[in-house]
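*Asks:* whatever this is, show me its structure:
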Amino acid sequence: MIIGMSVSFDPLVYFDDDRADREKVRGRFLDGEMVSPVFDYPKLDELYDSLAEQKHALERAMRVAGNEALEDIYARELAEIHLVEAAQKLREQDSPENRESFMALNRRIFGDFRRELFVEILDGSYVRHLDEELIKRLGRVARERFSGILWAVPETDETMKYDAEAIVYIANMAFSAEGLVENGWKAEINELKSVSTIDSGEKVLWIPRSLRRNAEELRRLLIHEIGVHARRAQNAEESEDEVLKLGEVDYLPAEEGLGILLECAVVGNYDNPSFMRVVERYIVAGLALGADGEKPRNAAQTFAAAWPEIAKLLSKSEEEKAGLIEEAKEKAYAHVENAFRGTNLRMPGVIFMRLKIYYEGLLDNIEYFERGGDLEMALRGKYNHTRLVS
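*Replies:* Below is the predicted model:
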């Protein structure tokens, strides 16, 4: 591993297991047959010393980087490896020291949780951040910039659902329209994935076998995955700037937030599942951490506290809220699983804090474009573009 090396370590690889087993656990928990979800982590349990070589290579790279930004990038990568090792130690021994080590690394990588944003969501004042004029203006820009991607999606109504094979076909048309096929990008079905994922190293958009999407949902998906993740990765690869290539230390919240904002922009509003998903994630993270003033919660306790808040968020009246309970529980469970991945789900306030960066990154992007930020500048590479305009 040398300067200019690829840094692509992802803790999520070690915090996952067989999806069929997780679906069984989800069903049993939601049906009241289990007090708490229980997951296995085979890759985490088999970790042992397999990451030693990667750690030593990163430590060597840091010593010879000669550039503070590069040193920070390698340090972040090293911290992510340490996070996985801390998760493994928690699996072996649940102790206050091991819990704090895991959470300290989470804060080091993803930053402190912003309680003030959480409180705004609960009291409804978060809407002050949602600039409706901006979303319309940005929508016009995004629809022109990504016209090829949008063109690839057929004009069908919400009742028409495309299966995985059709989505792969449409996504590959979108890659071609964006000029990325010539660089080796493609979409393929992945039997093991549960969500669509861009693998920038392999230049593949992985589509789960079970995925079903209508036309509007596909437009949002492809703008986010191809228009933002794949385009920024390709621009980074072609850049002469090593930081843009490797990924500036705080690029991920900015990139995810950009993808979510553009999803909202192409449909012309914030009232859509893409926006609601990131707000719901923030609620779950805050409740797990005890940001509401209560004690930190474990997975089952977080679920019990989260679904009523999500039902309230989804509804406009008490009568409507009563009809949304099952939907709110499904959403809450998905976000709780996301929050507590890599843990035994029984430790209060011990979560994988990545789920909080999406909402924070979205707000940073709203501010970036409100200050006159440029879309093409935001797509230059893997960096935090939201700091550019003041």
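
*Asks:* give me the distance between Leu30 and Glu217.
*Replies:* 23 Å (C-beta to C-beta, to the nearest Å). Glycine gets a C-beta too; all of them are placed from N, C-alpha and C.

*Asks:* who has more neighbours, those two?
*Replies:* More crowded of Leu30 and Glu217, by other C-beta atoms under 10 Å: Glu217, with 21 against 16.

*Asks:* contacts for stretch 166-183?
*Replies:* For stretch 166-183, the external contacting residues (C-beta atoms under 8 Å, 6 or more residues apart in numbering) are 146, 148-149, 151-154, 162, 185-189, 203, 205, 207, 211, 213, 218, 222, 225-227, 230-231, 234, 237.

*Asks:* which ones among those residues lie within helices?
*Replies:* 148-149, 151, 218, 222, 231, 234, 237 (DSSP state H).

*Asks:* counting neighbours, which of these end up buried?
*Replies:* Buried members of the ones in helices among the contacts of stretch 166-183, counted by 16 or more other C-beta atoms under 10 Å: 148-149, 218, 222, 231, 234, 237.

*Asks:* now for those residues, which pair is the farthest apart?
*Replies:* Leu218 and Glu237 (25.7 Å; C-beta to C-beta).

*Asks:* and the next element down the chain from the helix or strand bottoming out on mean pLDDT in the chain?
*Replies:* Lowest mean confidence among the helices and strands of the chain (mean pLDDT, DSSP states H and E): helix 318-322, at a mean of 70. Sequence-wise, the next helix or strand downstream of helix 318-322 (DSSP states H and E) is helix 325-339.

*Asks:* buried sites along that next one?
*Replies:* Neighbour count says helix 325-339 has 328-329, 331-339 buried, by 16+ other C-beta under 10 Å.

*Asks:* okay if I get those residues as CSV plus pLDDT?
*Replies:* CSV is the format used below for the buried residues of helix 325-339 (pLDDT from 0 to 100):
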residue, pLDDT
Ala328, 95
Lys329, 96
Lys331, 96
Ala332, 97
Tyr333, 96
Ala334, 94
His335, 97
Val336, 97
Glu337, 94
Asn338, 93
Ala339, 97
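
*Asks:* which one of the buried ones among the ones in helices among the contacts of stretch 166-183 is nearest to Val38?
*Replies:* Leu218 (34.5 Å).

*Asks:* just give the closest residue to the closest one, not the sequence neighbours.
*Replies:* Excluding the flanking residues, the one nearest Leu218 by C-beta to C-beta, 6 or more residues apart in numbering is Val153, at 5.0 Å.

*Asks:* quickly note the distance from the one you found to Gly184.
*Replies:* With C-beta to C-beta as the criterion, Val153 and Gly184 are 22 Å apart.

*Asks:* ok, these two, which is more surrounded?
*Replies:* Taking neighbours as other C-beta under 10 Å, Val153 and Gly184 compare with Val153 leading, 24 against 12.

*Asks:* wait, what's in contact with that one?
*Replies:* 170, 174, 215, 218-219, 222.

*Asks:* and the two most separated of these?
*Replies:* Ala174 and Ala215 (12.6 Å).

*Asks:* which one of the two has more residues nearby?
*Replies:* Ala174 (30 against 17).
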